[in-house]
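Next one to model:
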Amino acid sequence: MTYNSTYQDRAGQSAQAKQKALEQFRSRPPVDEKLAAERKAAGQRREEAKAEKAATKKAEAEAKAADDAAKAAASAPPTEAEAKAARDARYAARKNRK
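This is a model prediction of the structure:
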């Protein structure tokens, strides 16, 4: 294609390209129904496996969150009396070292 081509030249080339693409499309072999069904079934199996994996991952995350919440509840901050007793024990130990 040259830079000085006219509109008619470009339109003709476009029509030829469209005709060639249409001929290539029509010359394709027909779709094999058995192969298409196999591909569709394989796609469905992949989707099911993906959904199952996501559900398993979500269940594991929920279980971990519940476990973390239980640990957090079990390791609640010490009460004032417990904190005072621990502080007194550290003080006594430091005093005995001197």
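
The residue nearest the centre of the chain and residue 42: what is the separation?
Taking CA atoms, centre = their mean as the criterion, residue 54 is the residue nearest the geometric centre of the chain, at 8.9 Å. For residue 54, the distance to residue 42 equals 19 Å [CB to CB, to the nearest Å]. For glycine as for every other residue, the C-beta is placed from the backbone atoms N, C-alpha and C.

Please, where are all the helices along this protein?
Taking DSSP state H, the helices of the chain run over residues 7-26, 33-74, 80-97.

Dump those to JSON lines, plus mean pLDDT.
Converted to JSON lines, those look like this (pLDDT from 0 to 100):
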{"stretch": "helix 7-26", "mean pLDDT": "94"}
{"stretch": "helix 33-74", "mean pLDDT": "92"}
{"stretch": "helix 80-97", "mean pLDDT": "89"}
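
What are the neighbouring residues in contact with residue 89?
If you count contacts by CB atoms under 8 Å, 6 or more residues apart in numbering, residue 89 has none.

ok, so what distance separates it from residue 81?
13 Å.

Quick check: can you list the domain ranges of this structure?
1-30, 31-97 (automatic domain parsing).

Please report phi then psi for residue 5.
Main-chain torsions, residue 5, degrees, to the nearest 10: phi -70, psi 150.

roughly how far apart are it and residue 17?
From residue 5 to residue 17 the distance is 14 Å (CB to CB).

Same question for residue 46.
As judged by CB to CB, residue 46 and residue 17 stand 37 Å apart.
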